[in-house]
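> Pasting the sequence and the predicted model now:
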Amino acid sequence: MTAAAEGRLTPLAPEEWDASLAGVLAGLGGPLNIHGVIARNPAPMRSYIGLRGHVVASGSLSPRQRELVILRVARLTGCACEWGHHVARGRAAGFDDREIARIRDGSGGWPADEALLIQAVDDMLSGWRISPGTWSALCAAFDDNRLLDAFFTVGVYVTLSAILNTAGAPREDGFAAEGLA
C-alpha cells in the first residue's frame, strides 16, 4: 500500500529521501513539506529544484513582484500552505497587512506594474491565457525576460498548489493560512 492509499502523500523526512537527492537536500537547508512530498519521486524533484531556484533566486522579477504573483496564485488556487509561507515572504519583500489583504481580495489601487501582474495571474488562472488587452500592456511594461519569469512563476506555483492541495500535505508550524478565507 502506498501513502496515497491512505488519502494523502505525507512528506518524506529528510533521512528517507533517495540518496540521489543528497545534493538537492543539502541545497535546501531545511526542506519544507512540499519538498518532502515531491521527493517521493526523485526525477521530478531534481527537475523541479532547478526551476524553483530560478524563480525564487535568480529570476528577473523583483522580490516584491515575485511575491505578489505567488500570493495571488495561492489565493486563486486556495492553497493555504503556499499562502501561509508567502504571506511571511511577502512581508519580507515589503508588503504590509493592508496590501496582503488587497492581494487576497483582488482590490485595486496598485502601481501600474503590480496591477498588470495581478491581472496577468487572474487572466491565466481564469482562462489559461492572458487577454489581448493585458498582453499589450504587459509587453509595454516588461521585457521578454520579465514576462517569461512572471509566467514561469505562475506555472511553478500553480503546480505546487495543485500538489499541496491534492496530496493534503500539512502546513509547517508557524505558517498559518492567515487571511486566506
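Received the coordinates, thanks.

> which strands and helices sit next to the strand or helix carrying residue 47?
Assigned by DSSP states H and E, residue 47 falls within helix 42-53. Judged by 3 or more Cβ pairs under 8 Å, 6 or more residues apart in numbering; DSSP states H and E, the packing partners of helix 42-53 are helix 22-28, helix 33-38, helix 144-167. In short, each C-beta sits where N, CA and C put it, glycine included.

> Please compute how far that helix lies from its chain's middle.
Helix 42-53 has its C-alpha centroid displaced from the chain centroid by 14 Å (Cα atoms, centre = their mean, to the nearest Å).

> Contacts made by it with the rest, please.
Contact with helix 42-53 is made by 17-18, 20-21, 24, 27-28, 35, 38-39, 152, 156, as judged by Cβ atoms under 8 Å, 6 or more residues apart in numbering.

> redo that, cut-off 7 Å
Outside helix 42-53, the residues that touch it by Cβ atoms under 7 Å, 6 or more residues apart in numbering are 18, 20-21, 24, 38-39, 152, 156.

> Quick check: buried residues in it?
45-46, 48-49, 52 (16 or more other Cβ atoms under 10 Å).

> Please export the C-alpha coordinates of it as PDB.
Provided in PDB are the C-alpha atoms of helix 42-53 (Å, rounded to 0.1, in the frame of the first residue of the first chain):
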ATOM      1  CA  PRO A  42      13.400  11.700  -7.300                       C
ATOM      2  CA  ALA A  43      13.400  12.500 -11.000                       C
ATOM      3  CA  PRO A  44      10.800  15.300 -10.900                       C
ATOM      4  CA  MET A  45      12.300  16.600  -7.700                       C
ATOM      5  CA  ARG A  46      15.700  17.100  -9.400                       C
ATOM      6  CA  SER A  47      14.000  18.900 -12.300                       C
ATOM      7  CA  TYR A  48      11.800  21.000 -10.100                       C
ATOM      8  CA  ILE A  49      14.600  22.200  -7.900                       C
ATOM      9  CA  GLY A  50      16.400  24.000 -10.800                       C
ATOM     10  CA  LEU A  51      13.300  25.800 -12.000                       C
ATOM     11  CA  ARG A  52      12.400  26.700  -8.400                       C
ATOM     12  CA  GLY A  53      15.900  28.100  -7.900                       C
END
